[in-house]
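Peer 1: Model the following, please.
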Amino acid sequence: MRIFKKYLGNNAKSISENFGVQILNLGHNVHPPNVQYPDVDHPEGYYFDWKKGRYLKEYQIIYITKGEGIFEANGLPPQQIGAGTVFLLFPDVWHRFRPKISTGWEEYWVGFTGEYAKYLLEQKCFSPENPIIDVFFIPEFLETFSNLIETIETDNVLLKKMSSFHLINLLGIAYASVLKNNNGLSHKKQTIHEMQNEIHKQWNQNIDFELLCDKFKVSYSWFRKSFKEIFDTPPNQYLLMLRLRNAARIIQETDLSISEVAFECGFHSEHYFSRVFKQKMRLNPSDVRKDMKDK
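Peer 2: I've put the predicted structure just below:
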């Protein structure tokens, strides 16, 4: 997904005031290594100096999909943040966070307020004392974030109203993740999630699942069965869909040719890539770029 930042200001109320949820800002950003964080173009009230930290008058959900960093909040020791982690910001609670200078990170975020939002964030599973949630790489979470951005970006007023539903869905997925984590991940799930993380790190490379299994000291048959049990899809299909979704993003965000995108995403044949893309994504790769230009 391309870089997107939106601070709604006076438009926030008209867009999403229904259903007790008011979206104030949202976005998707890739912060590269060796660059100051946060970006200096943050609006007044959102930019912060690392030494001073920051207070906000709103809630925020921040989802890290790549990279590593650190998060601190009032009364809590510094927490290590990695890919697949969500952290929550609460009104009037001091905080600061940033990626490691050597890695940078990719982040999605949404800031919001409202009576129903307040009610949801006051549930026992959410608290300023436990603001970090491991959602790992739940496809629905990232898809919901993407849908949320699309509804805010559109000129269709009716679609904009759907943004509140997407935000409530995000909180629902986070809530389910907290409950699952509180019950404790089994050794099987913990191992599979760690192996899933390795797949995401190497998604466009030639992954040898046998070698991956050797690294984690498990058999391939156990890995394949357990992976499918947890994610409802075998690892090779999971990797294929991961590559195709990334390919769609690259087609939208760059001017690379379809052939270049195919090789960038780990496919050794443009013909095979196009055929599989059409089969799985229900449209041709070239149509993705055409649809993007038509918007």
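
Peer 1: Am I right that residue 63 is in a strand?
Peer 2: Yes - under DSSP: H, G, I helix; E, B strand; the rest coil, residue 63 falls within a strand.

Peer 1: neighbours around it, how many?
Peer 2: Taking other C-beta atoms under 10 Å as the criterion, the count of residues near residue 63 is 22. Yep, even glycine has a C-beta here, placed from its N, CA and C like the rest.

Peer 1: I'd guessed it sits against residue 88; true?
Peer 2: No - here residue 63 lies out of contact with residue 88, judged by C-beta atoms under 8 Å, at a distance of 10.4 Å.

Peer 1: Over to residue 47. Which of the three states is it?
Peer 2: The local conformation at residue 47, judged by three-state DSSP, is coil.

Peer 1: Please tell me how far the nearest residue to it once chain neighbours are set aside sits from residue 128.
Peer 2: Once flanking residues are discounted, residue 47 sits nearest to residue 38: 6.2 Å by C-beta to C-beta, 6 or more residues apart in numbering. Counting by C-beta to C-beta, to the nearest Å, the separation of residue 38 from residue 128 is 21 Å.

Peer 1: cool, and residue 203?
Peer 2: Taken as C-beta to C-beta, the span from residue 203 to residue 128 is 34 Å.

Peer 1: what's the answer for residue 207, then?
Peer 2: Counting by C-beta to C-beta - residue 207 and residue 128 are separated by 39 Å.

Peer 1: quick one: contacts for the residue lying closest to residue 53 once chain neighbours are set aside?
Peer 2: Spatial nearest neighbour of residue 53, chain neighbours left out: residue 96 (3.9 Å); criterion: C-beta to C-beta, 6+ apart. Listed by C-beta atoms under 8 Å, 6 or more residues apart in numbering, the contact set of residue 96 reads 48, 50, 53-54, 71-72.

Peer 1: what do you get if the cut-off is 10 Å, keeping everything else the same?
Peer 2: The neighbours of residue 96, taking C-beta atoms under 10 Å, 6 or more residues apart in numbering as the test, are 38, 48-54, 70-73, 78.

Peer 1: Which one (most neighbours) among those residues?
Peer 2: Neighbour max across the contacts of residue 96 (other C-beta under 10 Å) = residue 73, 22 neighbours.

Peer 1: What's the separation between that residue and residue 109?
Peer 2: According to C-beta to C-beta, residue 73 and residue 109 sit 15 Å apart.
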